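Visitor: need a structure here:
(4 chains)
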2 protein chains.
Amino acid sequence: MSTKKVALPGDAGGTHTGASRPLNQRADAQRNRVKILAATSTALHKDPDASVAAIAAEAGVGRMTLYGHFTSRAELIEAALVESLERGEQVLSEVSIDGNAADAFSRLVRSSWSLLDRSRGLLAAAQRELPAARIRDLHEASEARMRSLLERGQREGAFRSDLPISWLLATTHVVMNGAAEEISAGRLRLGDAPGFIDATLRAAFAAGTAPVAERHR
Amino acid sequence: MSTKKVALPGDAGGTHTGASRPLNQRADAQRNRVKILAATSTALHKDPDASVAAIAAEAGVGRMTLYGHFTSRAELIEAALVESLERGEQVLSEVSIDGNAADAFSRLVRSSWSLLDRSRGLLAAAQRELPAARIRDLHEASEARMRSLLERGQREGAFRSDLPISWLLATTHVVMNGAAEEISAGRLRLGDAPGFIDATLRAAFAAGTAPVAERHR
DNA sequence: ACTATCTCGTACATTCCCGTACGAGTTGCG
DNA sequence: CGCAACTCGTACGGGAATGTACGAGATAGT
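Guide: As a prediction, the model looks like this:
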């Protein structure tokens, strides 16, 4: 005579980027949803293996409430990742891509860095919980921006052309992630990271260095 | 009237690098021990979360046999890591560190790469199972070699000095790991990896590029 | 050939976490 | 103010993995 099914937010919206929430939700519930999403990010930042219970605790709500909003751990993590990426998109879309390619790259990297630093744990959790294809899909937007910049840089001769774009992209990700790890390990100060990352990647990608030696075969 | 305690290999040997096995072990058992260690490496290569059961299956022995040699999952992984690193040491110690620092670095990186590619899964598992301090301890030997080479390179002016050694070291690790990931993702051919890694790091570490800009504060 | 050593299956206890069910209390909202 | 929407504790069921217990059978080494 009481409980229903706790709303079940519904999947009405397509897979699109639009932030379409069901509408018929109570203000109170919407707030909790936001709290939970935020807590997911921070909890996973501390421990990428954090349990649903831990996340709920971090959010200050009961575990059951959380299950009212998200039917499974995977769904929760995916939602948190989507939200984080949307927020990131908002920031990155304001970074100017024009002008000198190398400088634009630096701007983009520096902006990406702080975003990645925060959502690192979330991403790690997602990698264990979601199909790899899905993750790559979600990253497509930010990835495309960086990719096109790298392409332009290569065409204009600002970046070396002896390495494929996919490698440059991977290297960028990996160096930023590495910086985050070094920070948690206490071997790098937070404030030093952006400069180090930028300096390293700029030098690594600059045109004019000796091309990759074909030493195999 | 039968079972004892299944040998319990004993911890007689110190923490030293010597390969001191208990001696009073049956030849048959020693062989299995080796098989298990090898299987640990290959099983974790496929899936860093592989269960003890899966590892035993990979080794072609019963799970119980495995527990006869290693009392816990952690002990198993540690033993496998130690063995892998010892084998690595043997290879790396034959790489010439002398002469041109940049070239020596390339040689070292290329040798390290193939080793790391194999033991990658094992390392990932170890990072979840063993205390971080222990892992760092075990890596000290190979790390020291690379570190001293980087130091010499900086003194001689072959490598840039605006970035700390620890960062160069971290970058080296991270780029090699990234290459391994790109390979498993199917975006990089195995044969291309050494050249790409080398080309990237050489350029990133070379002296003479613009120093890290102090853009913060 | 005989014996201590080793293999290994089955079975079990434990722990941890996810997801579901139920139901009573609380609160936003019209 | 009254109802539907929401919260949230407790409890349960299922599954997976670790580590232990027991004991029968195979094998190496002397």
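Visitor: what about chain A, any weak spots by pLDDT?
Guide: Low-confidence segments of chain A, defined by pLDDT under 70, span residues A:1-23, A:209-217.
Visitor: again, only using 50
Guide: By pLDDT under 50, the low-scoring segments of chain A are A:1-20, A:215-217.
Visitor: For it, which segments are assigned as helices?
Guide: Ranges of helices in chain A, per DSSP state H, are A:27-46, A:52-59, A:63-69, A:73-92, A:101-129, A:132-156, A:165-184, A:193-205.
Visitor: Compare these and give me the one nearest B:S41.
Guide: helix A:101-129 (21.1 Å; C-beta to C-beta). The way it works is simple: take the backbone N, C-alpha and C, and place the C-beta from them, glycine included.
Visitor: Packing partners of the closest one?
Guide: Applying 3 or more C-beta pairs under 8 Å, 6 or more residues apart in numbering or on different chains; DSSP states H and E, one finds that helix A:101-129 contacts helix A:27-46, helix A:73-92, helix A:132-156, helix A:165-184, helix A:193-205.
Visitor: Neighbours of the residue in chain A positioned nearest to DNA strand C, how many?
Guide: Proximity of chain A to DNA strand C (C-beta to the nearest atom of the strand) peaks at A:A27, 2.7 Å away. Using other C-beta atoms under 10 Å in any protein chain shown, A:A27 has 7 neighbouring residues.
Visitor: how near is it to A:V34?
Guide: Per C-beta to C-beta, to the nearest Å, A:A27 is found 11 Å from A:V34.
Visitor: Which neighbours do those two have in common?
Guide: The contact sets of A:A27 and A:V34 do not overlap (C-beta atoms under 8 Å, 6 or more residues apart in numbering or on different chains).
Visitor: most tightly surrounded among the helices of chain A?
Guide: helix A:193-205 (a mean of 23; mean count of other C-beta atoms under 10 Å in any protein chain shown).
Visitor: who does that one touch, helix- and strand-wise?
Guide: Helix A:193-205 sits against helix A:101-129, helix A:165-184, helix B:165-184, helix B:193-205, with contacts defined as 3+ C-beta pairs under 8 Å, 6+ apart.
Visitor: Tell me who's in contact with A:S148.
Guide: A:I97.
Visitor: From what I see, A:H139 and A:L85 are in contact.
Guide: Yes. The criterion here is C-beta atoms under 8 Å, and A:H139 meets it with A:L85 at 7.0 Å.
Visitor: which residues does the closest residue to A:E83 other than its chain neighbours contact?
Guide: Among residues not flanking A:E83 along the chain, A:L37 sits closest, at 5.3 Å (C-beta to C-beta, 6 or more residues apart in numbering or on different chains). Residues near A:L37 by C-beta under 8 Å, 6+ apart: A:79-80, A:83.
Visitor: Let me know the closest of these to A:A126.
Guide: Using C-beta to C-beta, the contacts of A:L37 come closest to A:A126 at A:A80, 8.3 Å.
Visitor: Pretty sure that closest one sits against A:K35.
Guide: No. Using C-beta under 8 Å, A:A80 is not in contact with A:K35; the gap is 11.7 Å.
Visitor: Compare the helices and strands packed on helix A:101-129 and give me the one nearest B:A204.
Guide: Judged by C-beta to C-beta, the one of the helices and strands packed on helix A:101-129 that comes nearest to B:A204 is helix A:193-205, at 3.7 Å.
Visitor: Let me know the angle separating the closest one from helix A:165-184.
Guide: 150 degrees (axes from the mean of the first three to the mean of the last three C-alpha atoms, to 10 degrees).
Visitor: chain center to helix A:193-205: distance?
Guide: When distances are taken as C-alpha atoms, centre = their mean, to the nearest Å, helix A:193-205 is centred 19 Å away from the chain's centroid.
Visitor: Ignoring the adjacent residues along the chain, who's closest to A:L168?
Guide: A:L150 (5.3 Å).
Visitor: for A:A104, that is, sorry about that
Guide: Nearest one to A:A104, counting by C-beta to C-beta, 6+ apart, is A:I97 at 5.2 Å.
Visitor: I am finished for the moment; much appreciated.
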